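> take a look and give me a structure for this.
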Amino acid sequence: MRLGVFRSVPRQVKWLIYLLSFSNVGVGYFWVATSAYLPERGLTSGDIGVILAVNGLAFIVAAIPMGILADRMGRKNIMLWGLMGTPPALLIYGMTSSFEWLLLASAITGVSEGAFMTTWNALIADMTTTENRSEAFSLSFLAASLSSGLGLAIPLAFPALQGITGLASEEVHTIFFIALAVLTLLSPITLHRLLRDHQETMRSGVSLRRGENLRPMLKFSALNSLIGLGAGIIIPLIPTWMFLKFGASDAVTGPLMAVASMTIAFASVGSAGLARRFGTVRAIVMCQGASTIFMMALAFAPGMGFASLFYVIRFALMNMATPLSDSFLMGLITKEERGLASAINSLVWRLPNSVTTVIGGTLLAAGYFVLPFVLATVCYLASISLFYIIFRNHQPLKEEVPTVVDRPSPQG
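Residues are numbered from 1 along each chain as shown. Prediction:
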């Protein structure tokens with residue numbers, strides 16, 4: 001992938017991003033299987049809800065300790081340990097329908113996500129400079145969206161495979177669970193080799209420096225929690241909203257999610273260009289503001305066709321801002337404390353998001369198909385406006401240029 005916009009990204013960082021794709025494919029498949037395949041094996045919607053809740057709880061419990069360990073023991077080690085959680089979770093899904101074992105798999109992925117979310121952004125930030133960091137995060141987002149989108153789309157091939165091979169649905173799913181468990185194992189193995197000479201700066205304390213780091217980071221996280229608050233009301237429930245309003249089944253909304261995931265991958269390429277032209281803060285505001293317009297328009301879509309179009313555009317615009325926001329946060333924090341900062345920021349987004357999803361589901365069940373979008377829009381507009389007011393003149397912390405071992409390939 002030799003896109004000119006990513007020319008300034010160090011080669012080792014590019015390989016770091018590319019090699020994670022093996023794991024992302026498996027993660028995408030894991031989550032589409034959780035929502036769409038487990039009911040086929042006899043689990044109720046209540047069971048699925050508990051499985052998802054256990055995953056969120058495991059993430060919440062693990063995030064802060066993982067962030068502290070990452071800053072003290074090294075981010076690459078915590079990240080590699082986290083990536084090792086995906087293969088056994090996929091194997092459990094492939095081997096059993098026992099509810100207890102499925103809960104264990106969900107908890108493993110929650111801890112794994114906690115380890116990954118607290119280290120990945122910090123690791124990329126450590127290996128880049130303020131000049132090429134937005135490009136690096138955009139490339140990361142591009143590769144992750146494409147590879148996880150591929151995982152989401154894998155079940156589309158199953159009916160044809162069943163017709164060709166004569167295998168039952170459960171047998172085909174089991175084969176892919178096992179195959180993807182092997183595939184996801186390639187990420188930690190190859191990344192361990194890639195990062196074997198990477199040196200990290202570690203610290204002994206557990207608290208962010210008061211003033212220099214703490215206040216701007218807390219402001220950013222508070223505004224991010226507003227986005228999480230609004231998103232939880234309707235965004236994860238849009239497939240449910242489409243089913244209730246238009247009668248769209250999983251056979252429609254599943255592929256739509258895969259298309260949206262792959263579309264935002266290419267949209268994220270443009271985010272680095274926007275940041276260079278308008279500045280990171282203005283680029284974030286432009287992307288999030290435009291996406292909010294389409295989110296509100298989605299509530300009034302006259303049919304499934306327009307709803308799908310508005311959904312994909314909204315998804316792409318909002319997620320164009322994600323790599324820029326990640327880059328901006330890392331610029332607020334000193335190098336030694338980025339793991340803990342990533343953990344805190346992920347946590348304050350996940351907590352309100354989990355709570356308001358219950359509220360959104362209740363509103364949809366009561367027949368309020370527009371109100372959730374209105375409430376989400378209010379939260380988004382408040383967050384976007386305050387973000388611009390507070391950070392429009394903010395400058396990233398000065399830091400030393402990282403030492404990156406730039407080798408032609410992880411095998412070289």
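> just the helices in the stretch 101-250 of the chain please.
120-126, 133-153, 158-165, 169-194, 214-234, 238-246, 250-278 (DSSP state H, counting those that start in this stretch).
> wait, which of the ones you listed is closest to residue 378?
helix 214-234 (7.2 Å; Cβ to Cβ). Bear in mind the C-beta positions are built from the backbone N, C-alpha and C, glycine included.
> quick one: average confidence on that closest one?
Taken as a whole, helix 214-234 has an average pLDDT of 85.
> what of stretch 18-29?
Per-residue scores along stretch 18-29 average to 93.
> for stretch 176-183, same thing?
pLDDT averaged over stretch 176-183 gives 96.
> could you dump that stretch to PDB, C-alpha only?
Written as PDB, here are the backbone C-alpha positions of stretch 176-183 (Å, rounded to 0.1, in the frame of the first residue of the first chain):
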ATOM      1  CA  PHE A 176     -13.500 -20.700  10.100                       C
ATOM      2  CA  PHE A 177     -13.200 -20.200  13.800                       C
ATOM      3  CA  ILE A 178     -10.300 -22.600  13.900                       C
ATOM      4  CA  ALA A 179      -8.700 -21.100  10.700                       C
ATOM      5  CA  LEU A 180      -9.000 -17.600  12.000                       C
ATOM      6  CA  ALA A 181      -7.600 -18.500  15.400                       C
ATOM      7  CA  VAL A 182      -4.500 -19.600  13.600                       C
ATOM      8  CA  LEU A 183      -4.500 -16.500  11.400                       C
END
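> the helix or strand hosting residue 306 versus helix 214-234: what angle between them?
Counting by DSSP states H and E, the element that carries residue 306 is helix 304-332. Per axes from the mean of the first three to the mean of the last three Cα atoms, to 10 degrees, the angle that helix 304-332 makes with helix 214-234 is 170 degrees.
> so which of the helices of the stretch 101-250 of the chain is nearest residue 101?
Per Cβ to Cβ, nearest to residue 101 of the helices of the stretch 101-250 of the chain: helix 169-194, 12.8 Å.
> buried residues, the closest one. List them.
Using 16 or more other Cβ atoms under 10 Å as the test for burial, helix 169-194 gives 172-174, 176-178, 180-181, 183-188, 190-192, 194.
> low-confidence stretches in the stretch 201-350 of the chain?
201-214, 249-251, 254, 264-269, 334-340, 342 (pLDDT under 70).
> how about 90 then?
201-222, 224-225, 228-229, 231-280, 315-350 (pLDDT under 90).
> and what of the stretch 51-200 of the chain?
Looking at the stretch 51-200 of the chain by pLDDT under 90, you get 51-77, 97, 110, 113-146, 148-162, 168-170, 173, 196-200.
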